[in-house]
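*Asks:* Just the structure for this:
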Amino acid sequence: MTLGGDDPCPCGGGPYGACCGPLHAGAAAPTAVALMRSRYSAFAVGLPSYLLATWHPDTRPRTLTLDEDVRWRRLQIVDTARGGPDDATGVVEFRAAHRSADGAGVLHERSRFSRVGGRWAYLDGVDPSAPS
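*Replies:* Presented below is the predicted three-dimensional model:
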């Protein structure tokens, strides 16, 4: 999927050109939640190279293949902890609604982020509703 600058951003944060578009083009995310939103949008528009580039090197997979059958529908930020412009780490809890041939679903994750070379990177995530 290709989006223009005035198209709605998949993350719901406004026009793509003023929201996730600049991050997808190489700008640094100012906060962990901005990186999380841009990663959601990258899943929605099919940008596996962006997802790999913003993944922490300690946990990054070698390759990433996106399921073209999955349509990401809506993002809800549930909670954040730290992850601001002056923080080294942050946590973002979110719910991402999707639809595929198997039906509708929701990905619920509490994601951890940390800085690598001054830029935010996705470290890992857990389902907060899963038994520990």
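
*Asks:* Just give me the residue closest to the centre of this structure.
*Replies:* For the chain, Arg39 is the residue whose C-alpha lies nearest the centre (Cα atoms, centre = their mean; 2.5 Å).

*Asks:* I'd guessed that residue sits against Leu52; true?
*Replies:* No. Assessed by Cβ atoms under 8 Å, Arg39 is found out of contact with Leu52, at 10.6 Å. To be clear about C-beta, it is placed using only N, CA and C from the backbone, and glycine gets the same treatment.

*Asks:* any weak-confidence spans in this protein?
*Replies:* For the chain, applying pLDDT under 70 flags the ranges 132.

*Asks:* Longest strand in it, by number of residues?
*Replies:* strand 103-116 (DSSP state E).

*Asks:* buried stuff in that strand?
*Replies:* Neighbour-count burial for strand 103-116, counted by 16 or more other Cβ atoms under 10 Å, picks out Leu107, His108, Glu109, Arg110, Ser111, Arg112, Phe113, Ser114, Arg115.

*Asks:* Would you state the helices of this protein in chain order?
*Replies:* 21-24, 32-45, 48-53 (DSSP state H).

*Asks:* Would you mind listing the buried residues in the first one?
*Replies:* The neighbour-count check on helix 21-24 (16+ other Cβ under 10 Å) flags Gly21, Leu23, His24 as buried.

*Asks:* and the closest residue in space to the first one that isn't next to it in sequence, how many neighbours?
*Replies:* Read that as Gly21. The spatial neighbour of Gly21 that comes closest, neighbours along the chain excluded (Cβ to Cβ, 6 or more residues apart in numbering), is Gly5 at 6.1 Å. Residues contacting Gly5 under the criterion other Cβ atoms under 10 Å number 12.

*Asks:* Just put the helices of the chain in a markdown table and tack on distance to Cys11.
*Replies:* Converted to a markdown table, the helices of the chain look like this (distance: least, Cβ to Cβ, whole Å):
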| stretch | distance to Cys11 |
| --- | --- |
| helix 21-24 | 10 |
| helix 32-45 | 4 |
| helix 48-53 | 13 |
